[in-house]
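**Q** Sharing a model that was predicted from the sequence below.
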Amino acid sequence: MMTQVPAPPLPIVDGVAPSYLWLPAGSWPNLLVFLEQRFRAIDRATWIARMARGEVVDGDGVRLTPDSPYRRGMCIFYYRELDAETPIPFEEIILYQDERILVADKPHFLPVIPTGRFLHETLLVRLKKRTGLAHLTPIHRLDRETAGVVIFSHDVASRGAYQSLFQQRLVDKTYEALAPTRPELALPLVHRSRMVDGVPFFRMQEVAGEPNSETRIELIEQRETCSLYHMHPLTGKKHQLRVHLAALGIPIINDTFYPEVYPCKGDDWSAPLKLLAREISFTDPLDGRRRHFASQREL
C-alpha cells in the first residue's frame with residue numbers, strides 16, 4: 001500500500017494546494033476514461049481543458065494527457081475546482097502565531113478544510129491566503145457548525161510532535177454550550193457511552209457495550225430560557241458533545257442532527273449551533289512551556 005505522498009509538484013494557487021490520488025487496481029484504456037468514471041460530476045471536456053493547461057501531473061511533475069496510459073499505483077496531482085461557492089459572512093481571528101504553530105478562532109459555519117461544496121470558503125484556505133504559509137495544516141478538527149479554537153502546524157519538522165499530543169490525549173479542551181435547563185439533573189457529572197456510526201451516515205449513536213467516549217459536564221449558569229454548560233471531553237469521537245448532551249435530555253440549541261434530524265437550511269446563517277471550543281491547553285512538546293489559548297467569541 002502507498003503511504004508516502006511525493007512533495008506536490010504543482011504550486012499553491014490562491015491558497016489552494018493541489019489534490020492527489022493514488023491510482024487503484026483496475027483496467028482502464030487511458031487516464032481520461034478513469035477520471036471520467038471516478039469523478040462523475042466532472043465532464044470529459046473539463047478534464048481535457050485541465051490537462052491542456054498542465055494542471056494534471058504525475059508525482060514528478062510530468063504533464064499527463066487524455067491518452068496517458070493508466071498505471072496502477074501512480075500518484076497523480078490535480079486542482080480541485082468549484083463552479084460557484086457561497087461566501088460565508090463571518091471572519092476568522094488569528095490568536096497566535098510563531099515559527100511552528102498558528103492558532104485560529106474559527107467562526108460558526110466555516111469548515112476547517114476543503115470538503116464537498118466548500119473550497120475557498122474554508123479556514124485552511126483562508127489562512128493560507130492571508131499568511132502565505134504553504135505548509136499550514138490543522139492538527140485537529142472542529143465540525144463546520146462549531147466555533148472556536150483550532151491549532152495549525154506550519155513547520156513540517158515539528159508537526160508530528162504536536163499531532164502526538166492529541167493522539168495521546170495530552171491536550172486539555174474546554175467547550176461551552178447553550179442548552180435547555182434540567183433542574184433534576186445532578187451536575188457536574190461524567191457521561192460515558194459507546195458511540196458508533198448511526199443513521200443517516202452523518203450521525204453517530206449510542207449503543208450498549210464498553211464505553212469508548214467520555215465527557216465531564218458542568219453547569220456554569222442558568223439563564224432565562226436555557227443554561228450555559230462547560231464540557232471537558234476526554235475522548236474525541238465525532239459529534240461526541242452533541243450526542244452526549246442530547247442523551248442527557250439537554251440537546252444543544254440549534255442542533256439540527258441531535259436528537260432529531262432537521263431539513264438542511266442551506267446558507268441560512270440565522271441559527272448557529274450554540275457550541276464553542278472555548279479553550280485548549282497543553283505542554284509544548286519542544287520547549288516544555290505551558291500553552292493556553294482561548295476563543296474571543298461568545299455564545
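**A** Everything's here; your move.
**Q** May I have the secondary structure class of residue 126?
**A** helix (DSSP: H, G, I helix; E, B strand; the rest coil).
**Q** how near is it to residue 86?
**A** The gap separating residue 126 from residue 86 is 14 Å, by C-beta to C-beta, to the nearest Å. For glycine as for every other residue, the C-beta is placed from the backbone atoms N, C-alpha and C.
**Q** List the contacts of residue 44.
**A** By C-beta atoms under 8 Å, 6 or more residues apart in numbering, the contact set of residue 44 is 32, 36.
**Q** isn't residue 207 right next to residue 196, touching?
**A** Yes: counting by C-beta atoms under 8 Å, residue 207 touches residue 196, with 5.5 Å between them.
**Q** Of the two, which one has the most company?
**A** residue 196 (12 against 9; other C-beta atoms under 10 Å).
**Q** Pull up the pairing partners for the strand or helix carrying the more buried one, direction included.
**A** Per DSSP states H and E, residue 196 falls inside strand 189-197. If you go by DSSP bridges, strand 189-197 pairs up with strand 204-207 (antiparallel), strand 213-222 (antiparallel).
**Q** how about those in JSON lines, adding mean pLDDT and distance to residue 8?
**A** Formatted as JSON lines, these follow (pLDDT from 0 to 100; distance: least, C-beta to C-beta, whole Å):
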{"stretch": "strand 204-207", "mean pLDDT": "96", "distance to residue 8": "33"}
{"stretch": "strand 213-222", "mean pLDDT": "97", "distance to residue 8": "36"}
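**Q** Let me know which of those strands is the nearest to residue 264.
**A** Proximity to residue 264 (C-beta to C-beta) singles out strand 204-207 among the strands paired with strand 189-197, at 18.0 Å.
**Q** For stretch 239-254, buried residues please.
**A** Going by neighbour count (16 or more other C-beta atoms under 10 Å), the buried part of stretch 239-254 is 239-248, 250-254.
**Q** now do stretch 98-107
**A** 100-107.
**Q** Just put the residues you listed in a markdown table and tack on distance to residue 181.
**A** Compiled in a markdown table, these are given as follows (distance: C-beta to C-beta, whole Å):
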| residue | distance to residue 181 |
| --- | --- |
| 100 | 43 |
| 101 | 38 |
| 102 | 38 |
| 103 | 33 |
| 104 | 32 |
| 105 | 28 |
| 106 | 28 |
| 107 | 27 |
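**Q** Can you redo the residues you listed as a markdown table, where the extra columns are pLDDT and secondary structure?
**A** Shown next, in a markdown table, are the buried residues of stretch 98-107 (pLDDT from 0 to 100; DSSP: H, G, I helix; E, B strand; the rest coil):
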| residue | pLDDT | secondary structure |
| --- | --- | --- |
| 100 | 97 | coil |
| 101 | 98 | strand |
| 102 | 98 | strand |
| 103 | 98 | strand |
| 104 | 98 | strand |
| 105 | 98 | strand |
| 106 | 98 | strand |
| 107 | 98 | coil |
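**Q** Tell me which two of those sit farthest apart.
**A** 100 and 107 (24.5 Å).
**Q** what about the strands in the chain?
**A** 19-22, 56-58, 75-78, 93-97, 101-106, 137-138, 147-153, 172-179, 189-197, 204-207, 213-222, 227-233, 275-283, 290-294 (DSSP state E).
**Q** out of the ones you listed, deepest packed?
**A** strand 147-153 (a mean of 25; mean count of other C-beta atoms under 10 Å).
**Q** pLDDT (mean, whole number) over it?
**A** For strand 147-153, mean pLDDT is 98.
**Q** Now do it against strand 290-294: the angle between them, please.
**A** Here the directions of strand 147-153 and strand 290-294 differ by 140 degrees (axes from the mean of the first three to the mean of the last three C-alpha atoms, to 10 degrees).
**Q** What are the structural domain limits within this protein?
**A** For the chain, the structural domains run 19-78, 93-171, 174-275, going by automatic domain parsing.
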